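**Q** Could you work out the structure for the sequence below:
(2 chains)
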Amino acid sequence: MATVLQFPANISTLNNYNDLYPDWTQREVSTGTTIMAVEFDGGVVMGADSRTTTGAYIANRVTDKLTPIHERILCCRSGSAADTQAIADAVTYQLGFHSIELDEAPLVQTAASLFRDMCYRYREELMAGIIVGGWDPRRGGQVYTVPVGGMMTRQPVSVGGSGSSYIYGYVDSNYRPGMSKEECLKFTAGALSLAMERDGSSGGVVRLAVISEQGVERQVILGNQLPKFSTV
Amino acid sequence: MATVSVCQYYPGGFSFENCKRNALLEADINKLGFSSPAARKTGTTICGVVYKDGVVLGADTRATEGMIVADKNCSKIHYISPNIYCCGAGTAADTEMTTQIISSNLELHSLSTGRLPRVATANRMLKQMLFRYQGYIGAALVLGGVDCNGPHLYSIYPHGSTDKLPYVTMGSGSLAAMAVFEDRYRPNMEEEEAKRLVRDAIAAGIFNDLGSGSNIDLCVITKGKVDYLRPHDVANKKGVKTGSYRYKHGTTGVLTKTVTPLNLEVVEESVQTMDTS
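**A** From the prediction side, this is the model:
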């Protein structure tokens, strides 16, 4: 659905008013972000930072990027705030409808597929990186990642967002299969703190969610309670 | 999912038909040395706060066209429904029309459900419309109201993202206003304190941002009552001229005087006073 429009070179003067309207009033709201999800035996741990930026201004410093899609399925949103909110709303509706049709809890893979279908079909128009995590009775805890472009793949650990680049090393070296719920929480909180420390577009508080057969348990780790790594 | 709305058919997406024509016109005009008229923006400082009994919305009253003040006393707090009001920043026409469209649709929706509309519904309608237009409708809104679930406050960005928060600011003066909020906001404030806080936040925008100015309007929404205070605070009174520029009769000497009566029939006579304020 890409449209190519030809504009003359001086069209750019249209929006360059003056200093009266600072840059961030004209920039799109982005969720900058570091997001993460880890599978463990019995469920998943999902985590995200809480910063939403418009250019250099933090539009919301307490954002909740862990959006419920269904009773035991959450998604982590990164990229354009408007795009991801709109996609999440659409998928929530579609999954809810599907679940009522089946009269049973939807599969996490179904939710991820719905995200993938939308992100791939409208890939030229959208800027959205999404991690879907949840628990279903058939396959237990699962994490699926749908990055920009619309690929979908299942991973035991997944990180995303602008801050994820800084923690690939930490995640690859510290992840072990068969971690317990508490170890996963500590691992996620640690990784997110490191990313928030280094990435300007990530910050605020750490929001965590544990999804299991019992339901969803949410936590917040405030800025001053984050795990510290170096005393520099 | 049937939705009752005024405009029925959405062919999908923005119609780019006129963009090529506009681009060519712009180029032609620039070649002749003129510049095309700037869209009137509301520059603006708008903000909202949730307090104990409801929400307080605040706005300045300056509308700018480029570097010129087009309207010294425009109203930026728009009616959405009896219990919901919306402040608008960005392009004045966009905020005005968007809020009117959603207000109309929400009234139809409310008649259909038989209930007082909820703020979350207005938020959904606004965000879905703005997302559909992919940011081309330059409306940045602060939506606040009280419904059956209590007081709610949302900030809505032109691309269609929304945030639900206890205090929000938007517009070119939002940084100045947010500084005031971050310093003095407390949860569950009393009405007077909340009004003072919003007034001070808008004042910070008015006096520190060139795009905002004139007076401060407030709107206090509680369960069952709305106080639309316009103006709440006239922060910028027009100065009184100290000298008089009237000259006495006879100051200029008259050399010749010719009187030519026009033979006209007076059909209708009406007097309309000019706004010399």
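**Q** Helices along chain B, start to end?
**A** Ranges of helices in chain B, per DSSP state H, are B:17-32, B:92-113, B:119-132, B:174-184, B:191-208.
**Q** For those helices, give me CSV that also has mean neighbour count.
**A** For every residue, glycine as well, the C-beta is placed using N, CA and C. CSV is the format used below for the helices of chain B (neighbours: other C-beta atoms under 10 Å in any protein chain shown):
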stretch, mean neighbour count
helix B:17-32, 12
helix B:92-113, 18
helix B:119-132, 21
helix B:174-184, 20
helix B:191-208, 21
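**Q** so which of the ones you listed gets nearest residue B:53?
**A** Distance to residue B:53, taken as C-beta to C-beta, is lowest for helix B:191-208 among these, at 6.4 Å.
**Q** How about that closest one and chain A, touching?
**A** No: contact of helix B:191-208 with chain A (C-beta under 8 Å from any C-beta of the partner chain) is absent, the minimum separation being 12.2 Å.
**Q** chain center to that helix: distance?
**A** Computed by C-alpha atoms, centre = their mean, to the nearest Å, the chain-centroid distance of helix B:191-208 equals 17 Å.
**Q** do stretch A:202-209 as well
**A** A distance of 11 Å separates the centroid of the chain from that of stretch A:202-209, by C-alpha atoms, centre = their mean.
**Q** which residues are contacting stretch B:177-194?
**A** Stretch B:177-194 is contacted from outside by B:45, B:47, B:49, B:51-53, B:56, B:166-167, B:169, B:197, B:200-202, B:204-205, B:220, B:222, using C-beta atoms under 8 Å, 6 or more residues apart in numbering or on different chains.
**Q** can you pull the contacts of residue 154?
**A** Because you didn't say which chain, this covers chain A. Residue A:154 touches A:109, A:112, A:142, A:143, A:144, A:145, counting by C-beta under 8 Å, 6+ apart.
**Q** The intended chain is chain B.
**A** Residues in contact with residue B:154 (C-beta under 8 Å, 6+ apart) are B:119, B:123, B:141, B:142, B:143, B:144, B:162, B:163, B:164, B:165, B:168.
**Q** could you show me where the strands are in chain A, in order?
**A** Using DSSP state E, the strands of chain A run over A:35-40, A:43-48, A:52-54, A:57-60, A:66-70, A:73-79, A:128-136, A:140-146, A:153-154, A:157-160, A:206-212, A:215-221.
**Q** In JSON lines: those, plus mean pLDDT.
**A** Shown next, in JSON lines, are the strands of chain A (pLDDT from 0 to 100):
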{"stretch": "strand A:35-40", "mean pLDDT": "97"}
{"stretch": "strand A:43-48", "mean pLDDT": "98"}
{"stretch": "strand A:52-54", "mean pLDDT": "92"}
{"stretch": "strand A:57-60", "mean pLDDT": "93"}
{"stretch": "strand A:66-70", "mean pLDDT": "97"}
{"stretch": "strand A:73-79", "mean pLDDT": "97"}
{"stretch": "strand A:128-136", "mean pLDDT": "97"}
{"stretch": "strand A:140-146", "mean pLDDT": "97"}
{"stretch": "strand A:153-154", "mean pLDDT": "97"}
{"stretch": "strand A:157-160", "mean pLDDT": "97"}
{"stretch": "strand A:206-212", "mean pLDDT": "98"}
{"stretch": "strand A:215-221", "mean pLDDT": "97"}
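**Q** of those strands, which approaches residue B:243 most closely?
**A** Closest approach to residue B:243 among the strands of chain A is made by strand A:57-60 (45.3 Å; C-beta to C-beta).
**Q** in its sheet, what does that closest one sit against?
**A** Strand A:57-60 pairs in its sheet with strand A:52-54 (antiparallel), by DSSP bridges.
**Q** Distance to residue B:237 for the strands of chain A - can I get that in CSV?
**A** CSV is the format used below for those (distance: least, C-beta to C-beta, whole Å):
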stretch, distance to residue B:237
strand A:35-40, 51
strand A:43-48, 49
strand A:52-54, 34
strand A:57-60, 32
strand A:66-70, 48
strand A:73-79, 48
strand A:128-136, 50
strand A:140-146, 57
strand A:153-154, 65
strand A:157-160, 54
strand A:206-212, 48
strand A:215-221, 47
